[in-house]
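Chemist: any chance you can model this:
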Amino acid sequence: MPSLSDPIRIGAIEAKNRIFMAPLTRGRATRAHVPTPIMVEYYTQRASAGLILTEATGVSQEGLGWPYAPGIWSDEQVEAWKPIVKAVHDAGGVIFCQLWHMGRIVHPDFLDGAKPISASATTAPDAAHTYDGKKPYVEARPLPIAEIPRLLADYDRAARNAIAAGFDGVQIHAANGYLIDQFLRDGSNFRDDRYGGSVENRIRLLTEVTQTVADAIGKERTGVRLSPNGAIQGVDDSNPDALFSAAAAALSKIGIAFVEMREPGPEGTFGTANHPPVAPKVKQAFDGPLILNSDYDGSSGQSALDAGHADAIAFGRTFIANPDLPARIAGGAELAKDEPKTWYSQGPEGYVDYPALASAAAA
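Modeler: Here you go, the predicted model:
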């Protein structure tokens with residue numbers, strides 16, 4: 001069995017290890033969603049990851065409702081991403097841009113008062129983060145079939161912009177209760193047209209977006225993130241086995257580079273109290289590398305590889321406080337703890353000031 005430190009081929013790229021950096025929203029862009037210079041240092045510090053998956057990055061203003069999160073729909077955003085990507089490459093890293101449309105999670109404050117879009121006229125639970133504090137979500141506008149071509153065009157433009165910025169590829173965010181996930185799962189998709197009802201219909205938007213991106217930049221530079229198990233931001237499904245097996249099979253037919261899957265359970269266990277893990281069924285249906293994410297450390301990540309559950313592991317919060325995580329895991333070093341209060345705090349504290357292992361030892 002391979003170790004976490006072994007290389008792996010992921011589509012067009014050769015990852016130097018199987019310790020990937022999961023997408024992590026950090027809120028260090030501008031209010032206009034333009035990346036900032038401090039992001040150069042942050043991503044470069046973590047270039048030893050086998051593959052960096054960037055923080056979720058908006059494909060359009062319509063799809064981006066998180067304060068200070070970056071986008072990639074404008075020329076200004078593309079130019080601001082270029083030095084970040086170049087610095088990662090100069091440090092020997094590989095980096096994919098995660099493409100994000102939040103759907104009903106976007107508050108009207110980000111849309112000049114307009115309603116967000118979703119599969120159906122539903123309202124997310126809890127409250128949205130806005131520049132004026134938390135506000136209740138509003139009911140979404142069901143996306144008409146006539147508007148789907150312009151949504152696909154947004155993904156096409158964002159994917160091409162990512163390659164223009166120098167990224168090695170993109171990951172389509174189809175997880176965590178955002179737009180594509182809102183179409184996938186029957187807890188939020190109540191449509192009676194060809195995008196709703198049956199599993200075949202509910203995976204249609206995912207496959208159309210994925211095919212659009214693969215046609216734009218190459219299937220070997222396209223990945224997808226899924227989150228099959230349990231409710232996330234009010235989005236859930238009554239039969240995740242059937243849904244995500246079908247989604248994985250459809251993605252396999254397109255021939256994308258990888259699927260990364262977030263499947264947390266109670267206290268980091270595999271699966272949930274109500275349902276066994278869906279990952280084995282996805283791995284069986286998808287003919288390509290499967291990367292698992294959520295609550296792993298070096299030991300449990302290696303165990304997942306040993307058991308054949310995954311081909312690589314994406315580490316999220318662990319990478320925040322351990323910029324040289326692959327070296328720490330390889331050496332069995334103690335892992336530093338991150339500070340949640342600085343996750344989205346805009347400044348350098350808790351962002352670029354976590355030391356590498358050698359510096360921490362010297363201090």
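
Chemist: could you use CA atoms for every contact and neighbour count after this?
Modeler: Noted.

Chemist: state the distance from Pro67 to Asp132.
Modeler: 10 Å (C-alpha to C-alpha, to the nearest Å).

Chemist: which of these two has more neighbours?
Modeler: Shown here are Pro67 and Asp132; by other C-alpha atoms under 10 Å, Pro67 has more neighbours (23 against 8).

Chemist: excluding chain neighbours, what is closest to Ala279?
Modeler: His309 (7.2 Å; C-alpha to C-alpha, 6 or more residues apart in numbering).

Chemist: below-threshold pLDDT in the stretch 201-350 of the chain: ranges please.
Modeler: Scanning the stretch 201-350 of the chain for pLDDT under 70 picks out the ranges 264-275.

Chemist: need the strands for it, in chain order.
Modeler: 222-226, 258-262, 290-293, 312-315 (DSSP state E, counting those that start in this stretch).

Chemist: most tightly surrounded among those?
Modeler: Sort the strands of the stretch 201-350 of the chain by mean neighbour count, taking mean count of other C-alpha atoms under 10 Å, and strand 312-315 sits at the top with a mean of 28.

Chemist: what ranges does the stretch 151-300 of the chain have for its helices?
Modeler: Secondary structure of the stretch 151-300 of the chain (DSSP state H, counting those that start in this stretch): helices at 179-184, 199-202, 204-217, 240-254, 279-285, 298-306.

Chemist: count the residues that sit near Asp6.
Modeler: 14.

Chemist: residue contacts, the nearest residue to it once chain neighbours are set aside?
Modeler: Nearest-residue entry for Asp6: Asn17, 4.9 Å, with adjacent residues in sequence omitted and distances by C-alpha to C-alpha, 6+ apart. When contacts are counted by C-alpha atoms under 8 Å, 6 or more residues apart in numbering, Asn17 is found next to 4-8, 49-50, 326.

Chemist: does Asn17 count as helix, strand or coil?
Modeler: Under the three-state scheme (DSSP: H, G, I helix; E, B strand; the rest coil), Asn17 adopts coil.

Chemist: got the phi/psi numbers for it?
Modeler: Note on Asn17: backbone dihedrals following degrees, to the nearest 10 are phi -150, psi 180.

Chemist: please tell me how far it sits from Gly301.
Modeler: From Asn17 over to Gly301 (counting by C-alpha to C-alpha), the distance is 13 Å.

Chemist: joint contacts of these two?
Modeler: Here Asn17 and Gly301 have Leu4 as joint contacts, going by C-alpha under 8 Å, 6+ apart.

Chemist: relative to Ala121, how far out is Ile148?
Modeler: 16 Å.

Chemist: higher neighbour count, these two?
Modeler: Ala121 (18 against 14).

Chemist: which of the three states applies to that one?
Modeler: Per three-state DSSP, Ala121 ends up coil.

Chemist: hang on, it packs against Pro144?
Modeler: No. Ala121 is not in contact with Pro144 according to C-alpha atoms under 8 Å; the separation is 11.3 Å.

Chemist: please point out which parts of stretch 124-136 sit buried.
Modeler: For stretch 124-136, burial by neighbour count (16 or more other C-alpha atoms under 10 Å) applies to 124, 128-130.

Chemist: now tell me what touches it from outside.
Modeler: So stretch 124-136 is contacted by 65-67, 104-107, 109-110, 137-139, 233-234 (C-alpha under 8 Å, 6+ apart).

Chemist: just the buried residues of the residues you listed.
Modeler: For these, buried by 16+ other C-alpha under 10 Å: 65-67, 104-107, 110, 137-139, 234.

Chemist: export the residues you listed as TSV, with columns for secondary structure and distance to Thr212.
Modeler: TSV is the format used below for those (DSSP: H, G, I helix; E, B strand; the rest coil; distance: C-alpha to C-alpha, whole Å):
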residue	secondary structure	distance to Thr212
Gly65	coil	23
Trp66	coil	25
Pro67	coil	28
Arg104	helix	22
Ile105	helix	23
Val106	coil	23
His107	coil	27
Phe110	helix	26
Tyr137	coil	30
Val138	coil	30
Glu139	coil	28
Gly234	coil	28
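
Chemist: closest to Gln182 out of these?
Modeler: Checking these against Gln182 by C-alpha to C-alpha gives Arg104 as the nearest, at 8.3 Å.

Chemist: which strands and helices sit next to the helix or strand where His89 lies?
Modeler: Assigned by DSSP states H and E, His89 belongs to helix 75-90. Under the contact criterion of 3 or more C-alpha pairs under 8 Å, 6 or more residues apart in numbering; DSSP states H and E, helix 75-90 touches helix 38-45, strand 95-100, helix 148-164.

Chemist: packing partners of the shortest one?
Modeler: Think strand 95-100. Using 3+ C-alpha pairs under 8 Å, 6+ apart: strand 95-100 touches strand 52-58, helix 75-90, helix 148-164, strand 169-173.

Chemist: tilt between that strand and strand 222-226?
Modeler: Computed by axes from the mean of the first three to the mean of the last three C-alpha atoms, to 10 degrees, the angle separating strand 95-100 from strand 222-226 equals 50 degrees.
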